[in-house]
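Return atomic coordinates for the entry below.
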Amino acid sequence: MDYIFREIDHYIGKYGDKITSLSIQDELFGVDKDRLFEFCSRIKKYKLSFSFQTRVDRLDEESIIALKNAGSPGAFVGIESANNNVLKSMNKSYTIEQVEKTLKLADKHGFGLGGNLIIGDIEDDLETVKKSETFYRKYGTRLSIFPVMVYPGTHLFKYGMENGIIKDELEYLKNANPFINVSKLPDNVYEALLDKYKAPNELFVKRPPIWGGELELSIDKSGRMVCAYSCPTCFSKIIATADNKRDTGNQYTVCPCCKHGSLPRFAKHVAADGWDIFLSRNLSEVLFRHYRGNRIVVWGMTDPIRRMIHSSQSLRDMLVKIVDMNYLKMTKESYCGLHIEAPEMLRNLDFDYILSGSSRRAEIEKSLEDMNIEDPKFIRNSLVLFLTTEQMWHVAST
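Numbers count the residues shown, from 1 in each chain. A predicted model of the protein is given here:
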């Protein structure tokens, strides 16, 4: 502990009041209660905000009060599933009842808790998945939900090998651990869930901060995104803005009232996601207005493009082909009855516009030139690049 505080003293001595918060990456922080209380006692004088990770079953009311009083607005905890059988399969030593109890204690004292839910464990079936999704809806302002990743060396990987789910270990590693179904869910149901989690529908479209309450996004008349939320420490309302060029500063890390950490790196992490999500939710009207009656091809299946397809009926109506240079790794994905194919499939296709999900514009244009496709017209994947401020304000208001 002495070494930790010598290091804190060193950096504060070097950078002064530029240091306003700490991120503690020790996953065992908080397991030893005496050590936790010692840290809380010693960190107070620095008046720094700090966040950390810990086990959900190690946070009792006494610990939460001590952490809050010491300057911590919240922490990350492991949740993983809302079903106790699945938690047991994951070798977790806590129950979902304990998780809910801890979340309620945190709410009682204005202490933010964030965590992940994981779908696709060996014991997951349709009932357990629905239970986790219901839990997500209840506590969605602080949770994220993801498909399980099957990493080499884990019991899930061993299960996949023993049951023939992973056919070729070397090929699996070459494909960088693709999503596979080791659960009790039928393959088609699992693949549908993958689509939902990769390209959020209304259930998963929000990406609010893990603390600070409900995040409200809007666009002002000057074209800037406005984010309104409550400080988790003093509960004052904070209104932060980011311009449409995605300001990468972190000027909104500290609450202007109590000086404690609030929305971590608003402009860099939340504004960027917020723009994609906000625009994708309103994309249908824009596409309908500007591209009605055209035939659209998607080149490059990225997460923003997935969101656009899922959220825009207009785009789905006009979509005629989806291509990607890495199409061999996406053979199981399909949208609107269209599978992801090789770019060469555009050679003899009649289409009007390309919606590019890739930043390699020059590379795409060279490929089109090699296929004798001249003067292609592009729809860029961020509406900020071609909508005027007036148009953006109109979309935001409708």
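
can I see the domain layout of the protein?
2-148+183-198, 216-273, 291-397 (automatic domain parsing).

what's the closest of these to F157?
Closest to F157 of the domains of the chain is domain 2-148+183-198 (C-beta to C-beta; 11.0 Å). Quick note: C-beta positions are derived from backbone N, CA and C, even for glycine.

Could you give the average pLDDT over the closest one?
Taken as a whole, domain 2-148+183-198 has an average pLDDT of 89.

of the domains of the chain, which approaches K158 most closely?
Across the domains of the chain (criterion: C-beta to C-beta), the nearest stretch is domain 2-148+183-198, sitting at 10.7 Å.

show me what contacts V86?
Listed by C-beta atoms under 8 Å, 6 or more residues apart in numbering, the contact partners of V86 are E80, D121, E123, D124, T128.

what's the closest of the domains of the chain to L170?
Nearest to L170, of those and by C-beta to C-beta, is domain 291-397 at 15.3 Å.

ok, which stretches of the stretch 101-250 of the chain are strands?
112-119, 143-147, 216-219, 225-230, 237-242 (DSSP state E, counting those that start in this stretch).

who wins for most neighbours among the contacts of V86?
D124 (26 neighbours; other C-beta atoms under 10 Å).

Distance-wise, check that residue relative to E344.
D124 is 38 Å from E344, where distance means C-beta to C-beta, to the nearest Å.

Then D34?
65 Å.

So between those two, which is more surrounded?
Set side by side, D34 and E344 show more neighbours around E344, with 12 against 7, by other C-beta under 10 Å.

Could you report the distance from that one to W299?
12 Å.

K332 now?
19 Å.

And N372, by the same measure?
Relative to W299, and taking C-beta to C-beta, N372 is found at 16 Å.

With neighbour numbers in mind, choose between those two.
Between N372 and W299, counted using other C-beta under 10 Å, the more crowded position is W299 (25 against 8).

Please state the backbone phi and psi of that one?
phi -120, psi 110 (degrees, to the nearest 10).

just P152 next, same as before
phi -60, psi 140.

contacting residues for V323?
Here V323 is in contact with V297, V298, W299, I340, E341, A342, P343, M345, L346 (criterion: C-beta under 8 Å, 6+ apart).

so the fourth one is in which element?
In other words, I340. Using DSSP states H and E, I340 maps to strand 338-341.

For that strand, which residues meet the burial criterion?
Of all the residues in strand 338-341, those buried under the rule 16 or more other C-beta atoms under 10 Å are L338, I340.

Moving C-terminal from that strand, which element do we reach first?
strand 353-356.

strand partners of that following strand, parallel vs antiparallel please.
strand 296-299 (parallel), strand 378-380 (parallel) (DSSP bridges).

could I have the first one exported to CSV, CA atoms only?
When you say that, I think you mean strand 296-299. What follows is strand 296-299, C-alpha atoms only, in CSV (Å, rounded to 0.1, in the frame of the first residue of the first chain):
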residue,chain,number,x,y,z
ILE,A,296,-28.0,0.2,-52.5
VAL,A,297,-25.0,-2.1,-52.0
VAL,A,298,-23.2,-2.4,-48.7
TRP,A,299,-19.4,-2.8,-48.8
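
which SSE is N85 in?
helix 84-89.

ok, and for that helix, which residues are buried?
N84, V86, L87, S89.

and which of the residues you listed is nearest to E27?
Scanning those for proximity to E27, where the rule is C-beta to C-beta, the winner is L87, at 18.0 Å.

My guess is the closest one contacts G78. True?
No - if you go by C-beta atoms under 8 Å, L87 and G78 don't touch, sitting 9.6 Å apart.

Contacts only, for the closest residue in space to S72 that isn't next to it in sequence.
Nearest residue to S72, sequence neighbours excluded (C-beta to C-beta, 6 or more residues apart in numbering): F50, at 5.2 Å. By C-beta under 8 Å, 6+ apart, the contact set of F50 is S21, L22, S23, I24, I43, A70, G71, S72, G261.

where does F50 land in three-state SS?
strand (DSSP: H, G, I helix; E, B strand; the rest coil).

Please report how far it lies from G13.
From F50 to G13 the distance is 18 Å (C-beta to C-beta).

in which helix or strand would I find Y3?
helix 2-15.

Can you report phi and psi for K377?
According to degrees, to the nearest 10, K377 has phi -100, psi 130.

pretty sure G300 is touching E363, no?
No - applying C-beta under 8 Å, one finds G300 not in contact with E363, separated by 10.1 Å.

of the two, who's got more company?
Each of G300 and E363 has its neighbours counted (other C-beta under 10 Å); G300 has more, 23 against 11.

counting contacts, what elements does the helix holding Y3 pack onto?
On a contact count with 3 or more C-beta pairs under 8 Å, 6 or more residues apart in numbering; DSSP states H and E, helix 2-15 meets helix 33-43.

Can you report phi and psi for E100?
According to degrees, to the nearest 10, E100 has phi -60, psi -40.
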